[in-house]
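# The sequence isn't on hand, but the structure is:
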């Protein structure tokens with residue numbers, strides 16, 4: 001939005017010491033919510049109702065207009081009808097109110113008239129120097145600043161903590177807060193974004209990155225409208241050591257032009273979002289539960305430096321479940337060191353085995369409790385010193401729903417939790433407590449755990465998945481790139497009209513960009529084809545050449561492995577006739593090239609995502625594109641190291657490394673060729689629609705494009721920033 005919306009200004013915005021509620025009345029449910037949420041956060045500043053006809057609201061003295069305030073409120077929550085909002089903004093300016101939340105709808109979400117109405121509102125607020133959150137917005141909560149101008153119910157008690165949250169769906173905020181409460185996860189600031197007319201998700205990201213109370217950032221996203229700013233903010237978050245966890249919903253249908261190339265089908269909208277978030281270092285999750293459990297781990301626990309995990313449980317079944325889930329996350333469960341085994345064995349019954357994962361058995365449950373510590377606690381003491389472990393997953397926290405009436409038992413429970421808190425805090429490696437299931441943490445357990453700074457991961461499934469997310473974030477943090485596509489001058493000469501290029505012209509473009517291509521000759525008669533085949537040497541490939549035919553094999557426009565003059569003549573006539581049978585196709589001729597055998601066929605293509613701009617897709621090519629869908633995606637630009645990482649992500653990657661008798665590919669040469677393909681696509685700038693080399697044939701250090709496709713259109717602005 002410009003100079004008005006800065007992290008400094010947002011620190012003021014999200015920590016108001018006085019609040020005016022415009023449109024408040026005793027019958028307004030919105031106003032009741034704001035009064036209750038302010039109480040839930042412990043807000044102690046003036047909360048002033050503003051209404052033209054009511055002298056008091058909720059027993060508080062009201063004023064008729066913001067202009068009647070004795071002193072400017074630090075924030076106005078505007079809940080008047082849509083048609084009255086602009087007048088209230090004028091009143092706010094006259095009263096010296098600098099910040100406002102606008103509840104009313106009927107703006108951007110209401111079509112062209114709503115867009116125009118929103119533009120007028122923003123222009124008026126900006127002219128007055130007023131920062132708006134909304135419109136169509138339910139407000140925010142800042143627990144550390146004890147501020148709660150939030151027009152929904154707040155599940156109590158509201159726990160203050162390290163998790164910052166921005167939601168593009170305000171109505172989900174209560175559900176998010178309810179699950180956070182159920183798992184004893186504390187919130188720093190929660191913001192519902194509304195229409196993002198002035199304060200955007202990227203702005204809130206910037207604010208949360210700088211917020212000292214926030215250690216991890218949660219996002220619920222319906223769209224990413226400012227990808228360049230989002231990428232920069234994600235980079236700043238990574239540098240600050242603050243993970244971002246995102247629940248992104250929705251996908252749009254693929255564009256019509258994308259269907260012209262395989263690249264478009266594999267780089268679909270949701271696949272592109274997934275790739276972009278991964279490239280930005282954002283952890284993507286699929287549920288509110290996974291969002292908050294992952295954030296809880298990242299916000300409270302010490303994070304492991306490696307993947308070697310010790311597991312301590314009181315159940316053999318739990319050991320099996322955890323081992324399975326750990327394997328899916330590439331987490332290793334190594335044997336305990338000999339010294340660890342000896343130390344643990346002293347505290348186990350004779351029939352139990354001191355191995356990793358450890359089942360201390362339920363034997364102790366059948367015996368009266370005589371001391372605060374149990375066998376699993378002694379095992380923890382031993383495991384945390386094991387030199388072969390990077391962290392310990394501790395499934396031994398058991399607390400009753402309510403404080404036992406037996407004071408001796410209650411004392412032992414509380415003494416044990418105190419001991420655990422101290423041992424976890426002082427352990428040489430991270431100790432991560434985890435419950436067996438994701439049930440609500442009772443009030444008694446919540447108070448006991450938070451007092452001793454223990455966060456309990458919510459169950460085997462979500463807990464181990466959260467560990468996998470955390471480990472990947474830690475491992476990738478130093479290698480991430482946050483691309484913002486550069487401004488590149490579009491090439492002056494684009495052959496023909498917008499649309500698919502003739503293959504000969506597409507080959508010329510790629511060859512000029514240092515992309516090696518299989519030799520080819522364009523012919524226009526059977527006799528020319530025979531002479532060209534003799535020069536090239538058998539066997540040859542013949543392909544009809546027409547800008548209007550993008551998938552030649554689908555219409556019989558390709559002949560493979562052709563030998564001898566007679567076969568060449570017949571193949572020429574056949575593929576030419578196939579092309580001429582396509583209505584509207586202009587046939588430029590038939591391309592002849594040598595047949596390539598052996599090696600591996602890849603796809604290297606670039607399409608243009610409506611949000612993120614040019615996207616590189618690399619995967620197994622030829623017929624395998626549609627059959628296997630084995631593809632890796634990256635936003636452009638890329639480096640050769642990025643390309644090597646993409647090749648390493650392919651399930652078919654072993655084929656490039658010499659599996660099944662194939663000749664190992666020279667990955668340095670291959671990565672450079674694919675980067676050159678991407679650079680050629682970028683050189684087309686705003687005209688690019690799709691560029692594809694498929695197959696890209698790889699055999700050792702030989703890399704050649706066998707088939708190419710270039711699609712352009714009328715120039716559009718480069719970059720996707722809104």
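Nice, thanks for sending it over. Quantities reported herein were computed from a predicted structural model and do not represent experimental measurements.
# Toward the C-terminus, what is the element adjacent to the lowest-mean-pLDDT helix or strand in the chain?
Within the chain, no helix or strand scores below helix 262-266, which has a mean of 41 by mean pLDDT, DSSP states H and E. For helix 262-266, the following helix or strand on the C-terminal side (DSSP states H and E) is helix 269-279.
# elements contacting that next one?
Under the contact criterion of 3 or more Cβ pairs under 8 Å, 6 or more residues apart in numbering; DSSP states H and E, helix 269-279 touches strand 244-248, strand 282-285, strand 631-635. In this view, the C-beta of every residue, glycine as well, is placed from N, C-alpha and C.
# Can you redo the ones you listed as a markdown table, where the extra columns are mean pLDDT and distance to residue 412?
Output for the helices and strands packed on helix 269-279, formatted as a markdown table (pLDDT from 0 to 100; distance: least, Cβ to Cβ, whole Å):
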| stretch | mean pLDDT | distance to residue 412 |
| --- | --- | --- |
| strand 244-248 | 96 | 37 |
| strand 282-285 | 96 | 38 |
| strand 631-635 | 92 | 54 |
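# Could you name the stretch from those that's closest to residue 656?
strand 631-635 (12.4 Å; Cβ to Cβ).
# Could you check how far the closest one is from the centre of its chain?
14 Å (Cα atoms, centre = their mean, to the nearest Å).
# Please apply the same query to stretch 392-407.
Using Cα atoms, centre = their mean, the offset of stretch 392-407 from its chain centre is 36 Å.
# got the contact list for residue 601?
Listed by Cβ atoms under 8 Å, 6 or more residues apart in numbering, the contact set of residue 601 reads 620, 621, 622, 624, 694, 695, 696, 697, 698, 706.
# In strands, which of these appear?
620, 694, 695, 696, 697, 698 (DSSP state E).
# which one of the residues you listed sits closest to residue 165?
Nearest to residue 165 among the ones in strands among the contacts of residue 601 is residue 620, at 39.7 Å by Cβ to Cβ.
# Just list whatever residues bridge to that closest one.
residue 602 (DSSP bridges).
# mind checking how far it is from residue 650?
Residue 620 sits 7 Å away from residue 650, going by Cβ to Cβ, to the nearest Å.
# what's the overlap in contacts for the two?
By Cβ under 8 Å, 6+ apart, the residues touching both residue 620 and residue 650 are 630, 631.
# what about the two, which has more around it?
Each of residue 620 and residue 650 has its neighbours counted (other Cβ atoms under 10 Å); residue 620 has more, 23 against 18.
# Need the nearest residue in space to residue 584, chain neighbours excluded.
Nearest residue to residue 584, sequence neighbours excluded (Cβ to Cβ, 6 or more residues apart in numbering): residue 548, at 5.9 Å.
# isn't there a strand covering that neighbour?
No: read with DSSP: H, G, I helix; E, B strand; the rest coil, residue 548 is coil and lies in no strand.
# That one touches residue 582, doesn't it?
Yes: with contact defined as Cβ atoms under 8 Å, residue 548 reaches residue 582; the gap is 6.7 Å.
# Can you give me the buried ones in stretch 217-235?
By 16 or more other Cβ atoms under 10 Å, the buried positions in stretch 217-235 come out as 217-221, 224-235.
# Once you drop chain neighbours, what's closest to residue 342?
residue 354 (7.9 Å).
# ok, that neighbour - contacts?
So residue 354 contacts 336, 340, 341, 342, 344, 345, 348, 379 (Cβ under 8 Å, 6+ apart).
# So the third one sits against residue 358, correct?
Right, the one you point to is residue 341. No: at 9.8 Å, residue 341 and residue 358 do not qualify as touching, with contact defined as Cβ under 8 Å.
# neighbour-wise, which of the two wins?
Higher neighbour count among residue 341 and residue 358: residue 358, with 29 against 17, using other Cβ under 10 Å.
# ok, that one to residue 457 distance?
17 Å.
# Could you do residue 562 as well?
63 Å.
# Ok, residue 577 next?
66 Å.
# who has more neighbours, the two?
Using other Cβ under 10 Å, the more surrounded residue of residue 577 and residue 457 is residue 457, with 27 against 13.
# residues of stretch 513-531 that come out buried?
Buried, per 16+ other Cβ under 10 Å, within stretch 513-531: 513, 515, 517-518, 520-523, 526, 528-531.
# sorry, back to before: now do the residue nearest to residue 342, the pLDDT please.
What the model reports for residue 354 is a pLDDT of 94.
# cool, and residue 162?
In this model, residue 162 carries a pLDDT of 98.
# Domain parsing of the chain, as residue ranges.
7-250+282-298, 302-456, 519-594, 600-712 (automatic domain parsing).
# need those in TSV with distance to residue 502, can you?
Output for the domains of the chain, formatted as TSV (distance: least, Cβ to Cβ, whole Å):
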stretch	distance to residue 502
domain 7-250+282-298	33
domain 302-456	47
domain 519-594	5
domain 600-712	9
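# ranking those by mean pLDDT, which is last?
domain 600-712 - the lowest mean pLDDT of the domains of the chain, at a mean of 89.
# quick check: longest helix of the chain.
helix 407-426 (DSSP state H).
# The helix or strand following that helix - which strands sit beside it in the sheet, and in what orientation?
Sequence order places strand 431-433 as the next helix or strand after helix 407-426, per DSSP H and E. Take DSSP bridges as the rule and strand 431-433 pairs in its sheet with strand 391-394 (parallel).
# what about the strand it pairs with, distance to the chain center?
For strand 391-394 - counting by Cα atoms, centre = their mean - the centre lies 27 Å from the chain centre.
# for stretch 447-461, same thing?
Using Cα atoms, centre = their mean, the offset of stretch 447-461 from its chain centre is 26 Å.
# buried sites along it?
Those buried within stretch 447-461 under the rule 16+ other Cβ under 10 Å are 448, 449, 450, 452, 454, 455, 456, 457, 458, 459, 460.
# Any chance of those residues in CSV with distance to residue 667 as columns?
Shown next, in CSV, are the buried residues of stretch 447-461 (distance: Cβ to Cβ, whole Å):
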residue, distance to residue 667
448, 54
449, 49
450, 50
452, 51
454, 46
455, 42
456, 44
457, 39
458, 41
459, 41
460, 38
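# Could you pull out the helices in the stretch 251-400 of the chain for me?
Counting by DSSP state H, counting those that start in this stretch, the segments of the stretch 251-400 of the chain that form helices are 262-266, 269-279, 288-300, 316-328, 338-345, 375-383.
# Nearest to residue 639, out of the ones you listed?
If you check each of the helices of the stretch 251-400 of the chain against residue 639 by Cβ to Cβ, helix 269-279 wins as the nearest, at 12.3 Å.
# Can you check what angle separates that closest one from strand 244-248?
Helix 269-279 runs at 180 degrees relative to strand 244-248, counting by axes from the mean of the first three to the mean of the last three Cα atoms, to 10 degrees.
# what's the model's confidence in helix 269-279, averaged?
Here the average pLDDT along helix 269-279 is 88.
# Residue 372 and residue 360, how far apart?
Distance, residue 372 to residue 360, using Cβ to Cβ: 16 Å.
# Look at those two and report which has more neighbours.
When residue 372 and residue 360 are compared for neighbours, residue 360 comes out ahead with 24 against 16, by other Cβ under 10 Å.
# Phi, psi for that one please.
In terms of degrees, to the nearest 10, the main-chain angles of residue 360 are phi -80, psi 0.
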